[in-house]
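A.B. asks: Give me coordinates for this.
(one chain, ligands or ions: 1)
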Amino acid sequence: MSHWARRLASAILLLVLISPVFSSFNAGAEIPGYPDYQQISEKLQYLNGTYPKICALHSLGTTYEGRTIWALKISDNAWKEENEPEVLIMGGHHAKELISVEVPLMFAEFLAENYSSNMTVRNIVDSNEIWIVPVVNPDGYEYAWEGHTGWRKNRRPIDANGDGIIDGIGVDLNRNYGHLWGKQGASHDPNSDIYCGPHPFSENETKAIRALALSHNFTFSVSFHSYGKIIYHPWGNSLDPEPMDNELMEAIGNEMAEYNNYTVIEGKDTYVTTGDSDDWLYANTTCLPFTIELGKEFIPPPDEIQGIFEKNRDALVYLLSISGDPYLAVSEKRTNLRITHFSISDGVANISVENQGNYSVSALLTLSSGSGPPESERFALKAHEKMNFALRVNGSGEFEAKISALHHAKEWNTKDNTAFASFETDEGKLRTEGTDALMYVFGTVILLFFLFAYVYKSLKKD
Ligand SMILES: [Zn+2]
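C.D. replies: I've put the predicted structure just below:
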């Protein structure tokens with residue numbers, strides 16, 4: 001045997017010997033083209049280590065099977081809490097929806113890798129605090145990835161009545177949130193695919209998202225699912241009255257749809273649900289939440305992943321570009337809420353607010369004084385409508401009435417349209433500031449004065 005033949009033979013022998021290692025390594029890879037939980041964790045740790053200025057990896061908690069629920073925060077000065085709009089992006093509430101994990105993971109990678117070279121990416125990273133939770137349900141994801149491609153819930157064994165006997169496995173995490181929990185479109189049977197759990201927030205995964213959401217002020221959230229090519233916004237249930245921000249959310253959804261070509265629907269118009277993340281976020285935080293149903297199957301073939309990602313990446317980039325002022329989706333000129341009347345008599349402040357814009361808005365009216373606690377009232381106002389408020393006056397001194405948005409980042413309407421009025425009790429005189437309607441009145445009076453003066457003068461000449 002020649003030298004080369006011997007080498008070839010030993011190489012073949014080596015390959016034969018180690019091939020079981022390869023095959024056993026690949027045996028778990030039931031779903032080609034999709035990473036397992038370990039690879040997802042490694043990717044997040046890689047981004048955290050490679051881009052330490054803009055990536056900060058956090059653990060939100062641990063699952064029943066001991067896996068970490070990761071959140072990657074992406075922002076300039078990622079380890080600092082800055083006063084920037086915050087946006088939450090989630091994937092993988094449901095185990096079998098593998099593409100819903102891939103898209104937020106790829107988005108994190110896209111932001112980190114293009115930060116130094118792409119101006120758009122740099123702008124949205126610098127001006128936002130972006131929290132990405134690619135796998136809300138790691139135990140379920142891993143189970144599905146191993147080949148149980150019909151699995152939807154998490155993997156916690158449930159002993160519903162406490163008799164020591166396991167009644168079923170897993171809770172549908174997107175029915176386990178606390179708003180109107182267990183009422184519509186959810187099951188109380190532990191064997192059901194839409195089992196809502198023994199009580200609201202019974203699961204570590206939903207507890208983790210709740211804690212994150214309550215410790216931040218998210219302007220938007222996007223929860224990815226598959227499938228359907230749909231952008232949902234609240235409500236998912238039909239028990240609540242129409243959401244105050246219905247038109248706004250629909251408008252933002254329509255703007256995102258310009259990029260991914262999906263259909264925009266209020267959740268309950270497809271099928272009713274309770275206990276999903278969107279309804280809870282909308283009811284309990286300042287967040288405008290969206291659910292995006294990706295593609296046309298739970299696990300699209302690997303060669304379709306990139307295309308699905310790119311459309312939705314662009315929708316996310318758009319969303320992050322308006323997080324400082326969501327009303328940009330409805331109007332370049334913002335909301336045009338005005339305080340048109342403000343007076344105080346018999347311990348009551350009478351305030352009129354007018355929506356001079358073309359869209360419904362929801363906001364908060366606050367009456368504050370130097371000496372007493374502020375009074376406030378939440379309201380929604382349709383286009384061109386007016387509303388009168390009577391708020392109790394606490395204390396004495398100078399009173400201020402101010403309108404601020406509710407579902408919004410911190411500085412809504414501060415530039416040109418802030419409705420603001422103050423009232424001095426000691427002088428008993430109304431003073432308004434920044435109320436355009438009154439400025440027009442003053443302006444008109446002054447203009448008329450000059451006009452009359454001019455006319456009078458020219459008449460006198462003759
Ligand atoms: Zn889903």
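
A.B. asks: For the chain, which segments count as helices?
C.D. replies: For the chain, the helices defined by DSSP state H cover 3-27, 37-50, 99-114, 119-127, 138-145, 204-214, 246-260, 277-284, 302-321, 436-461.

A.B. asks: Switch these over to a markdown table; also include mean pLDDT, distance to the ion and mean neighbour count.
C.D. replies: (C-beta placed from N, C-alpha, C; glycine too.) Output for the helices of the chain, formatted as a markdown table (pLDDT from 0 to 100; distance: least, C-beta to the ion, whole Å; neighbours: other C-beta atoms under 10 Å):
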| stretch | mean pLDDT | distance to the ion | mean neighbour count |
| --- | --- | --- | --- |
| helix 3-27 | 45 | 27 | 10 |
| helix 37-50 | 98 | 18 | 16 |
| helix 99-114 | 98 | 7 | 23 |
| helix 119-127 | 91 | 26 | 16 |
| helix 138-145 | 97 | 11 | 26 |
| helix 204-214 | 98 | 13 | 20 |
| helix 246-260 | 93 | 17 | 19 |
| helix 277-284 | 96 | 10 | 24 |
| helix 302-321 | 95 | 15 | 18 |
| helix 436-461 | 63 | 46 | 10 |
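
A.B. asks: residues in contact with the residue in the stretch 51-200 of the chain that the ion sits nearest to?
C.D. replies: Using C-beta to the ion, the closest approach of the stretch 51-200 of the chain to the ion is made by His94 at 3.5 Å. Shown in contact with His94 (C-beta atoms under 8 Å, 6 or more residues apart in numbering): 100, 137, 140, 152-153, 172-174, 225.

A.B. asks: For it, give me the pLDDT.
C.D. replies: We have a pLDDT of 98 for His94.

A.B. asks: can you give me the end-to-end distance of stretch 130-148?
C.D. replies: 32 Å (C-alpha to C-alpha, to the nearest Å).

A.B. asks: Domain ranges for this protein, per the record?
C.D. replies: 42-329, 337-441 (automatic domain parsing).

A.B. asks: Spit out the contact partners of Asp240.
C.D. replies: 180, 279, 283.

A.B. asks: Now with 10 Å, please.
C.D. replies: 179-180, 234, 268, 274, 279, 282-283 (C-beta atoms under 10 Å, 6 or more residues apart in numbering).

A.B. asks: can you put those residues in JSON lines and add distance to Pro104?
C.D. replies: Shown next, in JSON lines, are these (distance: C-beta to C-beta, whole Å):
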{"residue": "His179", "distance to Pro104": "23"}
{"residue": "Leu180", "distance to Pro104": "27"}
{"residue": "Pro234", "distance to Pro104": "20"}
{"residue": "Lys268", "distance to Pro104": "25"}
{"residue": "Thr274", "distance to Pro104": "25"}
{"residue": "Asp279", "distance to Pro104": "21"}
{"residue": "Tyr282", "distance to Pro104": "20"}
{"residue": "Ala283", "distance to Pro104": "24"}
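
A.B. asks: Most widely separated two among those residues?
C.D. replies: Greatest spatial distance in these: Lys268 and Ala283, 13.8 Å, computed using C-beta to C-beta.

A.B. asks: intersection of neighbour lists for these two?
C.D. replies: 234-235, 237, 240.

A.B. asks: Could you find the lowest-pLDDT member of these?
C.D. replies: pLDDT across those is lowest for Asp240, at 94.

A.B. asks: measure the residue nearest the centre of the chain to Ile124 for me?
C.D. replies: For the chain, the residue nearest the mean C-alpha position is Ser221 (1.5 Å; C-alpha atoms, centre = their mean). Distance of Ser221 to Ile124, given as C-beta to C-beta, to the nearest Å: 16 Å.

A.B. asks: who touches the residue of the stretch 151-300 of the chain found nearest the ion in this structure?
C.D. replies: Relative to the ion, the nearest point of the stretch 151-300 of the chain is His225 (3.3 Å; C-beta to the ion). By C-beta under 10 Å, 6+ apart, the residues touching His225 are 90-94, 97, 99-100, 174, 232, 276-277, 291-294, 298.

A.B. asks: what do you get if the cut-off is 6 Å, keeping everything else the same?
C.D. replies: Counting by C-beta atoms under 6 Å, 6 or more residues apart in numbering, His225 makes contact with 97, 100, 291, 293.

A.B. asks: Gly61 too?
C.D. replies: 69, 204, 208.

A.B. asks: go on, Val171?
C.D. replies: Counted by C-beta under 6 Å, 6+ apart, Val171 has contacts 153-154, 195, 197, 203.

A.B. asks: can you do 10 Å?
C.D. replies: 64, 137, 140, 153-156, 158, 190, 194-198, 202-203, 205-206, 275.

A.B. asks: Apart from its chain neighbours, what residue comes closest to it?
C.D. replies: Spatial nearest neighbour of Val171, chain neighbours left out: Gly197 (4.0 Å); criterion: C-beta to C-beta, 6 or more residues apart in numbering.

A.B. asks: neighbours of that neighbour, just the number please.
C.D. replies: 27 (other C-beta atoms under 10 Å).

A.B. asks: Can you report phi and psi for it?
C.D. replies: phi 90, psi 170 (degrees, to the nearest 10).

A.B. asks: beta partners for the closest residue to Glu97 other than its chain neighbours?
C.D. replies: Spatial nearest neighbour of Glu97, chain neighbours left out: Ser226 (4.3 Å); criterion: C-beta to C-beta, 6+ apart. Note on Ser226: beta-bridge partners by DSSP bridges are Leu294.

A.B. asks: before we move on, what about the one 4 residues further on?
C.D. replies: When bridges are assigned using DSSP bridges, the partners listed for Ile230 are Thr263, Glu293.

A.B. asks: Ok, Cys55 next?
C.D. replies: According to DSSP bridges, beta-bridge pairing links Cys55 with Ile74.

A.B. asks: Could you tell me how many residues sit around it?
C.D. replies: Using other C-beta under 10 Å, Cys55 has 25 neighbouring residues.

A.B. asks: Can you get me a residue count around Thr274?
C.D. replies: Neighbour tally, Thr274, other C-beta under 10 Å: 25.

A.B. asks: ugh, wrong one, Glu297
C.D. replies: If you count neighbours by other C-beta under 10 Å, Glu297 ends up with 13.

A.B. asks: How about Val135?
C.D. replies: So Val135, with other C-beta under 10 Å, has 30 neighbours.
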